[in-house]
Each structure stands twice: as C-alpha cells, then as structure tokens.
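*Asks:* Below are the sequence and a predicted model; questions follow.
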Amino acid sequence: MTRNLKGKIAVITGGASGIGQAFAHRLAQDGADIAFADVKDGAETCRLVEAEGRRVYAGLCDVTKPDEVACFAAEVETALGAADILVNNVGIFPLRPFDELSFEEWRQLQAINVDSFFLFSKAFVPAMKKKGQGRIVNMSSTTFWLNIEHYVAYITSKAAAIGFTRGLANELGPFGITVNAIAPSLVKNATTEASALAGMFDVMASMQAIKRVQVPADLVGTLSFLVSDDAAFITGQTIVVDGGVIKH
Ligand SMILES: NC(=O)c1ccc[n+]([C@@H]2O[C@H](COP(=O)([O-])OP(=O)(O)OC[C@H]3O[C@@H](n4cnc5c(N)ncnc54)[C@H](O)[C@@H]3O)[C@@H](O)[C@H]2O)c1
C-alpha cells in the first residue's frame, strides 16, 4: 500500500544508503519529491526516486557542519521548493567499550546522531511553520531499552533522539507540525553486515516475537504512515518497530 504524498517535498539525512535510501524510495513511491543529504555518492538513491517519476536533489553535505547544512537547505528550496517532511535518519553506531572511548569519538558520534537533528530542524522548521503544516521523524533505536554492551555513546544519542522528539513536539504542535520517532531493532544492511553486529542478527531474531532478521523494508510503512495526513493527531511518540522485543 502506498499513501498520497503527491506534491510533498521530503528531506532525508543519510539518504545515500541503508535505511535512509529505503525511506527515500518509499516516500517517492508515495508521491513525494525527495532531497537527501549525505557525505557519500547518492547515485543509487537518485535512480530509485527517479524511477518512481519523482524529482530528486542529492546534496553532498556533512550533517555536522552548520554552514554545509544551511547551504544544503538553501539548495533544496531552490531545486524543489519548501520542505513538508524532514526525516532525521543519519546516524553512526560503532561498538566501543567505555574504557576505550575517546572524547573525540564521543563528540563525533553526538555531532552526527544528535547535533544534526538540531541543525536540520532549525533549517527546515521555518518553512513548515509558514505552511502551517509539517512532519518530522527522528531515528532512535531499541538499544535504549536493551542490555547491549559497548554502546554507551550510541545509547545516549538515541535517548536524546527521544527527548528531542518529545520537546520539539510540544513546541511545534500549535503550528500543525508533528514530531515523532521510530525505534528499530538491529536492521540488516550493508553497514551492519560489515560490522561486529553481524554476529547478533540471529540472537536478535530469536528474542523477537516475529523470528526473522529485520530489514529496512520493515520500517518504511511506519515512516509512510507517520508523515501522512492519517497521523495528524500523533505527536511526541516513539514507535518501536522491532518484531516484538520491546512491548509498551
Ligand atoms: N541498522 C541498524 O541496525 C539500526 C538499528 C536501529 C537504529 N538505526 C538508526 O537508523 C539510522 C540509519 O542507520 P543505517 O543502518 O541505515 O546506517 P547506514 O550506515 O547504512 O547509513 C547511514 C548513512 O549516513 C551517512 N552519513 C554518515 N555520517 C554522515 C555525515 N557526517 N554527514 C552526512 N551523512 C553521513 C552515511 O554515508 C550513510 O549513507 C541511524 O540513525 C541509525 O542509528 C539503525
């Protein structure tokens, strides 16, 4: 099932690969034009979006750099128009024991996983306010609730994603802008397959009610719903999409 996002413009951070690419593809199938920011070449994402007959803008942008984010936002407005949807998807998730974690590594992770949410929201909320409507979705993670070692920097950042979602929802509700978060479990993609996390796919699947490994396609329907008109009265929420490990 696809939803009617025709005429909407969606901005996705970290859209060149992984979950961000799957998000770009799905929102394009729903009818939205797509802009995405990444440090990597986004040719494949562009191909997927254009194959759906939608416009796409790929910006080479380090999401931790305020000047690059401001430049990207101006280019999106010129190329596609004012954004309706912002998906703060970008994130890194290196495993590192606390004893070995340097302050530089900690700062870099928080800059990508948390500061970028602030910078992109700052850049795109004014246009949403002018339109009197908008949708922001932030990526969190079920690691916030699980006993996983060597992840203190990452878990801290994903707790911040939930706090940011709640705080911003309070401020933007009066303007018709909803702010929600999605918390996946371990998702199989190129990054996780190439990391130490690959050894945890089967363990995670065995903990789930639905006993198979999660893939990016399992997340796109939730995003599509949260940015649709059907979700106009849902805000400040974190939706867990994990095959049934964490149950609220
Ligand atoms: N994969 C998982 O198991 C999993 C589980 C829970 C939550 N998440 C969250 O989902 C989101 C996406 O994860 P993913 O698995 O698709 O990651 P990924 O590594 O596959 O993709 C991340 C993208 O972000 C880009 N990126 C990294 N640093 C950047 C920077 N400074 N500026 C611009 N772009 C940058 C990368 O080039 C890449 O294209 C992240 O927030 C992650 O924490 C992932």
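*Replies:* Nice, I can see it.
*Asks:* can you give me how far the lengthiest strand in the chain is from the chain middle?
*Replies:* Criterion DSSP state E: the longest strand present in the chain is strand 177-184. Its chain's C-alpha centre and that of strand 177-184 lie 9 Å apart, by C-alpha atoms, centre = their mean, to the nearest Å.
*Asks:* Packing partners of that strand?
*Replies:* helix 116-131, strand 134-139, helix 152-172, helix 217-226, strand 238-241 (3 or more C-beta pairs under 8 Å, 6 or more residues apart in numbering; DSSP states H and E). C-beta coordinates here come from the backbone N, C-alpha and C atoms, glycine included.
*Asks:* Let's see that with 10 Å instead.
*Replies:* helix 18-29, strand 85-88, helix 116-131, strand 134-139, helix 152-172, helix 217-226, strand 238-241 (3 or more C-beta pairs under 10 Å, 6 or more residues apart in numbering; DSSP states H and E).
*Asks:* For the helix or strand following the second one, buried residues please.
*Replies:* Read that as strand 85-88. With elements assigned by DSSP states H and E, the helix or strand that comes after strand 85-88 is helix 103-110. Buried positions in helix 103-110, judged by neighbour count with 16 or more other C-beta atoms under 10 Å: 106, 109, 110.
*Asks:* And for the first one, nearest residue in space, chain neighbours not counted?
*Replies:* Among residues not flanking residue 106 along the chain, residue 153 sits closest, at 5.1 Å (C-beta to C-beta, 6 or more residues apart in numbering).
*Asks:* again with the last one
*Replies:* Take residue 110 and drop its neighbours on the chain: the residue closest to it by C-beta to C-beta, 6+ apart is residue 157, 5.8 Å away.
*Asks:* what's near enough to touch the one you found?
*Replies:* For residue 157, the contact set (C-beta atoms under 10 Å, 6 or more residues apart in numbering) comprises 91-93, 106, 109-115, 117, 140-141, 143-144, 151.
*Asks:* Quick check: it vs the ligand, distance?
*Replies:* Computed as C-beta to the nearest ligand atom, to the nearest Å, the residue 157 to the ligand distance reads 8 Å.
*Asks:* can you check residue 33 too?
*Replies:* 20 Å.
*Asks:* Quick check, that residue in contact with residue 55.
*Replies:* Yes - here residue 33 lies in contact with residue 55, judged by C-beta atoms under 10 Å, at a distance of 4.1 Å.
*Asks:* any common contacting residues for these two?
*Replies:* 9, 49, 79, 80, 81.
*Asks:* related to what we said a few turns ago, run the chain-centre distance for the helix or strand that comes right after the longest strand of the chain.
*Replies:* As assigned by DSSP H and E, the chain's next helix or strand after strand 177-184 is helix 190-193. Put simply, helix 190-193 sits 17 Å off its chain's centre (C-alpha atoms, centre = their mean).
*Asks:* what subset of the contacts of residue 157 is also close to the ligand?
*Replies:* 91, 92, 93, 112, 141 (C-beta under 6 Å from any ligand atom).
*Asks:* Of these, grab the buried ones for ChimeraX.
*Replies:* Restricted to buried positions by 16+ other C-beta under 10 Å, the ChimeraX selection for these reads:
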select :91,93,112,141
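*Asks:* Between which two of the ones next to the ligand among the contacts of residue 157 is the distance greatest?
*Replies:* 112 and 141 (13.7 Å; C-beta to C-beta).
*Asks:* Now the common contact residues for the two.
*Replies:* With C-beta under 10 Å, 6+ apart, residue 112 and residue 141 have common neighbours 91, 93, 157.
*Asks:* Can you tell me which of those residues is closest to residue 196?
*Replies:* residue 93 (10.5 Å).
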